[in-house]
Each structure stands twice: as C-alpha cells, then as structure tokens.
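Fold the stuff below for me.
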Amino acid sequence: MGLDVSALRSITTSLDELVNRLREVSGDLSEDDEVGAELREVERQLVMASRRLEKASRRAGG
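Numbering: from 1, shown residues only. This next block holds a predicted model:
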C-alpha cells in the first residue's frame with residue numbers, strides 16, 4: 001500500500017488552520033507575555049511541521 005498523499009495534504013491544511021487560530025489567540029498578547037511567547041513557539045513549530053509535510057507530499061508525487 002502506497003503513501004496517501006491526499007491524507008498528507010489534508011493534515012497540512014489542518015495544521016495551517018491551527019496556526020491561524022493560534023495567531024488569533026496570541027495576537028492580543030504582548031511580546032513580553034509568557035503565555036504569548038509559548039503560543040508563538042508552538043506556532044513556529046507547527047509552521048515548520050506544515051512545511052515538512054508539504055515537502056514530503058511533493059516528494060511522494062503530490
């Protein structure tokens with residue numbers, strides 16, 4: 001059974017939507033806010049994960 005490229009695309013889309021929600025939540029928090037800093041770090045890591053999934057999808061033929 002081969003890799004389900006459409007599933008990777010769906011996961012990437014879900015991650016992108018999650019990143020947007022995190023941006024909305026953390027948008028009103030100051031740069032010095034500890035919770036805001038944590039949320040921005042989570043956002044950064046999710047963006048990296050999304051990029052890696054996109055790369056994997058392209059390599060898999062999608």
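
for the longest helix along the chain, the distance to its chain's centre please.
Secondary structure assigned by DSSP state H gives helix 34-59 as the longest helix of the chain. Taking Cα atoms, centre = their mean, to the nearest Å, one finds helix 34-59 lying 4 Å from the centre of the chain it belongs to.

check contacts around the closest residue to residue 9 other than its chain neighbours.
Distance criterion Cβ to Cβ, 6 or more residues apart in numbering; nearest residue to residue 9, sequence neighbours excluded, is residue 57 at 5.9 Å. Placement of C-beta: from N, CA and C, glycine included. Each residue near residue 57 by Cβ atoms under 8 Å, 6 or more residues apart in numbering is listed here: 5, 8-9, 12.

so what's residue 39 up against?
Listed by Cβ under 8 Å, 6+ apart, the contact partners of residue 39 are 22, 25-26, 29.

Quick check: it vs residue 56, distance?
From residue 39 over to residue 56 the distance is 26 Å, taken as Cβ to Cβ, to the nearest Å.

In contact with residue 60, which residues?
By Cβ under 8 Å, 6+ apart, residue 60 lies in contact with 3, 5, 8.

List buried residues within those residues.
Among the contacts of residue 60, those classed as buried by 16 or more other Cβ atoms under 10 Å are residue 8.

Serialize the contacts of residue 60 to CSV and add fields for secondary structure and pLDDT.
Shown next, in CSV, are those (DSSP: H, G, I helix; E, B strand; the rest coil; pLDDT from 0 to 100):
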residue, secondary structure, pLDDT
3, coil, 78
5, helix, 84
8, helix, 86
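
Kindly present the contacts of residue 60 as TSV, with separate columns for distance to residue 50.
Below are these laid out as TSV (distance: Cβ to Cβ, whole Å):
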residue	distance to residue 50
3	17
5	15
8	11
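
Name the nearest of the contacts of residue 60 relative to residue 33.
Here the nearest of these to residue 33, counting by Cβ to Cβ, is residue 8; it sits at 34.1 Å.

ok, back up a step: and of the contacts of residue 39, the nearest to residue 45?
Residue 45 lies nearest to residue 22 out of the contacts of residue 39, by Cβ to Cβ, at 10.4 Å.

Does the closest one touch residue 43 like I think?
Yes: Residue 22 lies in contact with residue 43 (Cβ atoms under 8 Å); the separation is 4.6 Å.
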